[in-house]
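Visitor: sequence below, structure please.
(chains A, B, C and D)
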Protein chains: 2
Amino acid sequence: MKAPQVRSPRKAKGQGGERREEILDAALTLFSAKGLQAVSTRQIAEAAGISQPGLYAYFATKDDLIAELCVRAFAKLSARMEAGKAQWTPTPEMFDRAMMTYIDFGLSEPDAYRVAFMVEKSHDGSFLSRSGGRPMAAGLEAFRGFVAMIADLHDHGLTADDDALRLTQTLWAGLHGLVSLLIARPEFPWVEREALIAAHIAMLRRGALK
Amino acid sequence: MKAPQVRSPRKAKGQGGERREEILDAALTLFSAKGLQAVSTRQIAEAAGISQPGLYAYFATKDDLIAELCVRAFAKLSARMEAGKAQWTPTPEMFDRAMMTYIDFGLSEPDAYRVAFMVEKSHDGSFLSRSGGRPMAAGLEAFRGFVAMIADLHDHGLTADDDALRLTQTLWAGLHGLVSLLIARPEFPWVEREALIAAHIAMLRRGALK
DNA sequence: GCGATAATCTATCACTGATAACTTATCATC
DNA sequence: GATGATAAGTTATCAGTGATAGATTATCGC
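Guide: Numbering: from 1, shown residues only, chains lettered A, B, ... in the order given. Coordinates of the predicted model:
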């Protein structure tokens, strides 16, 4: 059952970056399989073929390592958003498609999504403060394309709320609710998932557009 | 700075329940001030005037203690829902009011809300499984009155989706998104909160009702 | 007073993230 | 090719975590 990970040889002088990638890969696999809380730095180190304190040569804290994985995941979302931009027109159909892109991303990268928007910032500011808010910043960067789409719809007189920023925040909340609940409570007796997502998007469209 | 909590005397034979209440009170105060993760069993024990292992005479695990606080919080929501039921009529105005009740509760009892709907069930089933899913069950019990209202609106032909269950899940997700984001990301540059909530409810109403 | 038992304590465990201080491999240079 | 600098990695250890075992003390019915 235990990963027979071969300890890869010591890295040459300038090649610490390679080890860093190996650690991130090992960590992502473990996090996906067991959840963020359940994976210890010792498990990550073993899977990466390194001693546990060795991790701290590459990441200042465990949270920093997690944050790094997040930023990378959101780079993927940014790419997807940017790709969709090519065919964009201010229509209800494209509205639906943008919503779908967001939901698809959240469900396909649940760990990144969790860290960016679901992990709680403890009151004394431990997690995201120390990592400089990078995961959320990366998440919002990816979200920016979405904001631009809503603004475009608003400029064409298609939105039901005259405040585009407020409407965007409201829609984001609507999307986030579905994604985060599907991630956090998969065992809940949901109606069939695809129909649920379609109905949710339809509901948001009716609520947001004229 | 440290709480000068006087160690209350040993409880008489049948009075263990009192100590249990004292522990729950102390824990709720600490959790509200510092967050769930940041409070240790030793801190709870000291605030309750008891030794750390002494907690385990009353709660099998730390999660059980948290779960107990949750169930109690949701009992309050149930009471609010039940109170609102008296004046219920199947109208858009009452729809708005029900939505508002849910959001108000989430924002006024953020810790309970977090545990019931935001804390991640780790993949090997550690948290809510061990506590028997009681917080979520209590949350959904409180939510049941809300479900009944949607069904009533549906029966009067006022809803835009012909599947009342699916619409309820969709609306729940919409509400949850706003509540959970406001809890988890209070520092985000939101538009003015009351206007945001009102706009969100209006969006959900337009999307859910005819 | 006496035995039973509820309430509680001290001591300790395995584990967590993190740090200090030391060793070893690689590399550019003489 | 030996040398010194430094990157890469180690072992040993720390304080703090949730949790358990077993002894101890207070209260009760008799």
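
Visitor: what mean pLDDT does the helix or strand hosting A:E194 get?
Guide: Assigned by DSSP states H and E, A:E194 belongs to helix A:193-208. Per-residue pLDDT values over helix A:193-208 give a mean of 98.

Visitor: what packs against it?
Guide: helix A:92-108, helix A:164-184, helix B:164-184, helix B:193-208 (3 or more Cβ pairs under 8 Å, 6 or more residues apart in numbering or on different chains; DSSP states H and E). In this view, the C-beta of every residue, glycine as well, is placed from N, C-alpha and C.

Visitor: which element is the residue nearest the centre of chain A on?
Guide: Nearest to the geometric centre of chain A sits A:Y113, at 2.9 Å (Cα atoms, centre = their mean). According to DSSP H and E, A:Y113 maps onto helix A:110-113.

Visitor: name the residues that touch that helix?
Guide: Applying Cβ atoms under 8 Å, 6 or more residues apart in numbering or on different chains, the contact partners of helix A:110-113 are A:28, A:31-32, A:36, A:69-70, A:72-74, A:105-106, A:135, A:179-180, A:183.

Visitor: neighbour-wise, which one of those residues leads?
Guide: Neighbour counts for the contacts of helix A:110-113 peak at A:P135, which has 28 neighbours (criterion: other Cβ atoms under 10 Å in any protein chain shown).

Visitor: quick one: low-confidence residue ranges for chain A.
Guide: For chain A, applying pLDDT under 70 flags the ranges A:1-7, A:10-17, A:120-132.

Visitor: how is chain A divided into domains?
Guide: The record's domain split for chain A, according to automatic domain parsing, is A:16-57, A:68-208.

Visitor: what distance separates the start and the end of the last one?
Guide: Its start and end residues considered, domain A:68-208 measures 34 Å (Cα to Cα, to the nearest Å).

Visitor: do that domain and DNA strand C meet at all?
Guide: No - judged by Cβ under 7 Å from any atom of the strand, domain A:68-208 and DNA strand C are separated, with a smallest distance of 8.2 Å.

Visitor: the lengthiest helix in chain A - contacts with which helices or strands?
Guide: Longest helix of chain A, by residue count under DSSP state H: helix A:62-85. In terms of contact count using 3+ Cβ pairs under 8 Å, 6+ apart, helix A:62-85 is assigned the packing partners helix A:16-34, helix A:92-108, helix A:110-113, helix A:127-130, helix A:134-155.

Visitor: 7 Å - rerun?
Guide: With contacts defined as 3 or more Cβ pairs under 7 Å, 6 or more residues apart in numbering or on different chains; DSSP states H and E, helix A:62-85 has these neighbours: helix A:16-34, helix A:92-108, helix A:110-113, helix A:134-155.
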